[in-house]
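Predicted structure and sequence below. I'll ask about it afterward.
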Amino acid sequence: MSAPLESQPGEVATRVETANSLKRRQIWRTVAFAVGGAILGFGYYKLVGCRSGSCPITSNPYASTFFGSVMGFLAGGGMGKQKT
């Protein structure tokens, strides 16, 4: 069996910085997807919408924007397990 490798003094700090940058990137990705979903939700309201008012989501711009942002949040991995 081989002996365990000795870690360099700066190696632990590099791992922490890498974990922090991955977490920060995951947060920005989730926010970008949520904003993109909100834009698409509002666009869906404007382009398709519901003229009669009987559609609960697409008849209201706030509801369609909120629904789109939630869908974008979920698509961006908002509820997923954090990778560290």
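Looks like it came in fine.

what is the mean pLDDT for stretch 38-46?
Taken as a whole, stretch 38-46 has an average pLDDT of 94.

which residues sit against it?
Thr58, Asn60, Pro61, Ser64, Thr65, Phe66, Phe67, Gly68, Ser69, Met71, Gly72 (CB atoms under 8 Å, 6 or more residues apart in numbering). C-beta here means a position set from N, CA and C on the backbone, and glycine is covered the same way.

again, only using 7 Å
Thr58, Pro61, Ser64, Thr65, Phe67, Gly68, Ser69, Gly72 (CB atoms under 7 Å, 6 or more residues apart in numbering).

How many residues are close by the closest residue to Thr58 other than its chain neighbours?
Nearest residue to Thr58, sequence neighbours excluded (CB to CB, 6 or more residues apart in numbering): Cys50, at 4.3 Å. Using other CB atoms under 10 Å, Cys50 has 14 neighbouring residues.

pLDDT score for Cys50?
Predicted confidence (pLDDT) for Cys50: 82.

Please apply the same query to the one 4 residues further on.
The per-residue pLDDT reported for Ser54 equals 85.

Look up how far Ala38 lies from it.
Distance of Ser54 to Ala38, computed by CB to CB, to the nearest Å: 23 Å.
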